[in-house]
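Colleague: how does the following fold in three dimensions:
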Amino acid sequence: MLETVRSRRIYGFLVLTILPTSAAIGYYLRDRKDSLVTQEATSSTALSPSVVEDRIKMLRRHEAELAKEAQDIREKLERVKGKQGEIKV
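Modeller: Numbering: from 1, shown residues only. Alright, predicted model coming up:
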C-alpha cells in the first residue's frame, strides 16, 4: 500500500485529517454530554412531602415483592434439592 510516493502522501493526508477530526468530534460530544448532565443535575425540582411518601411506599412494596419472590425461589430450590436427593438414593 505504501510503495509509491503518491500512496504515502494519501495515507499521510488521511492520518493528518482523520485523527484530529475524530479527536475534536469526541471532545465536542463529551463536552456537550457533560454540560447536559450538569444542567439536569442543577435543575432538579424540589419534591413535595406527599411525593416523597409515595415513593417510599412504592419502594417498600417493591421490597416486599422482592422478599416474597426470594422466598418462593428458596422453596423451589429446596423442593428441587429434595427431588434430587430422592433420585440419588
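
Colleague: list the buried residues for stretch 75-89?
Modeller: Neighbour-count burial for stretch 75-89, counted by 16 or more other CB atoms under 10 Å, picks out no residue. Any C-beta I mention is one placed from the backbone N, CA and C, and that applies to glycine too.

Colleague: just the C-alpha atoms of it, please, in CSV.
Modeller: Provided in CSV are the C-alpha atoms of stretch 75-89 (Å, rounded to 0.1, in the frame of the first residue of the first chain):
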residue,chain,number,x,y,z
GLU,A,75,-38.8,-23.0,48.4
LYS,A,76,-38.5,-24.2,44.8
LEU,A,77,-34.8,-24.8,45.4
GLU,A,78,-35.5,-26.8,48.5
ARG,A,79,-38.0,-28.9,46.5
VAL,A,80,-35.5,-29.5,43.7
LYS,A,81,-32.9,-30.5,46.2
GLY,A,82,-35.3,-32.9,47.8
LYS,A,83,-36.2,-34.5,44.5
GLN,A,84,-32.5,-34.8,43.6
GLY,A,85,-31.9,-36.5,47.0
GLU,A,86,-34.7,-39.0,46.3
ILE,A,87,-33.3,-39.8,42.9
LYS,A,88,-29.8,-40.3,44.1
VAL,A,89,-30.8,-42.7,46.9
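
Colleague: quick one, helices of the protein?
Modeller: When assigned using DSSP state H, the helices of the chain occupy the ranges 5-42, 49-88.

Colleague: lowest average pLDDT across those?
Modeller: Among these, helix 5-42 carries the lowest mean pLDDT, a mean of 86.

Colleague: quick check, distance from that one to the centre of its chain.
Modeller: Relative to its chain's centre, helix 5-42 lies at 24 Å (CA atoms, centre = their mean, to the nearest Å).
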